[in-house]
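> 3D, please:
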Amino acid sequence: MVQSPSPGQYTVQCPSDDDVLKVLKAAALTPFGPMVRFITMTGLRRGEAIALRWENVDLDRGVLAVTGTAQRFRGQGIVVESPKSQAGRRAVAIDPDTVQMLRDHRGRQLLRAVELDGAFEDNGLVFPGPRGRLMDPPYLTRAFKKMAAVAGVPHMRLHDLRHGHAAGLIRSGAHMKVIQSRLGHASAAFTMQVYGHIEADMQEDAANAYANRLSERARIAKE
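Numbers count the residues shown, from 1 in each chain. Here you go, the predicted structure:
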């Protein structure tokens, strides 16, 4: 058996588009709907989305800057740290529909702050907890697990949305270097290790499509 040299030990199983859509539908019925959709459409990590602030989001230009990641540490609570690598500090383009979703989300957020009359701390977080403070990462993970169960895909994890985003980019024809930059990987080689199997599947489909095309042309020529 011929072994592909690219995927490596970090190969992941990416969710199907149908499963992602099921989760988005279930999430839309919860307060986490905007955040789940945002992670799906940007590929940000859980901690990066939690730490994101409005000052790092340019809705007019359709771009955001990843400058930190939130984690919970025993004895310290929730802490925002700088990305582990320089590649983690990056600009990520936002599609127009997601930009509009963020505008609507911000409007609802400001209205909630008024309704709670001081009980909501506006710390400038795009996706804060119920009272405006940093959301607890494990809390988000548990909430997503419930959403996935409701959607009928209990095997799906929150981080799988990031994998699905990467898979979608590859299938859309994005260059691996662009995907690496968008995901914040240290190198395109690592991105290829993780997602190279998707490209390999696409190569097989392309080879079959070309063979079928030539076979059809040959058949027509004989008629």
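
> for the rest of this, base every contact and every neighbour count on C-alpha atoms.
OK.

> which non-adjacent residue is nearest the residue nearest to the spatial centre of the chain?
The residue lying closest to the centre of the chain (Cα atoms, centre = their mean) is Gly43, at 2.2 Å. Among residues not flanking Gly43 along the chain, Arg162 sits closest, at 4.3 Å (Cα to Cα, 6 or more residues apart in numbering).

> for the one you found, helix, strand, or coil?
With DSSP: H, G, I helix; E, B strand; the rest coil as the basis, Arg162 sits in helix.

> for this structure, which segments count as strands?
57-58, 63-66, 69-73, 77-81, 90-93 (DSSP state E).

> run me through the strand neighbours of the third one, direction for each.
If I follow you right, that is strand 69-73. Using DSSP bridges, the strands paired with strand 69-73 are strand 77-81 (antiparallel).

> next one: the first one
The strands that strand 57-58 pairs with in its sheet are strand 63-66 (antiparallel) (by DSSP bridges).

> next, the buried residues of the partner strand.
Within strand 63-66, the residues scored as buried using 16 or more other Cα atoms under 10 Å are Leu64, Ala65, Val66.

> same check, this time on stretch 128-140
Within stretch 128-140, the residues that count as buried by 16+ other Cα under 10 Å are Pro128, Gly129, Arg131, Gly132, Arg133, Leu134, Met135, Asp136, Pro137, Leu140.

> before we move on, what about stretch 65-76?
Ala65, Val66, Thr67, Gly68, Thr69, Ala70, Gln71.

> what would those residues look like in CSV with distance to Ile179?
Shown next, in CSV, are those (distance: Cα to Cα, whole Å):
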residue, distance to Ile179
Ala65, 16
Val66, 15
Thr67, 18
Gly68, 19
Thr69, 19
Ala70, 23
Gln71, 24
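
> max pairwise distance over those: which two?
Ala65 and Gln71 (18.2 Å; Cα to Cα).

> quick one on the thing from earlier: between the buried residues of strand 63-66, which is closest to Arg112?
Leu64 (23.5 Å).
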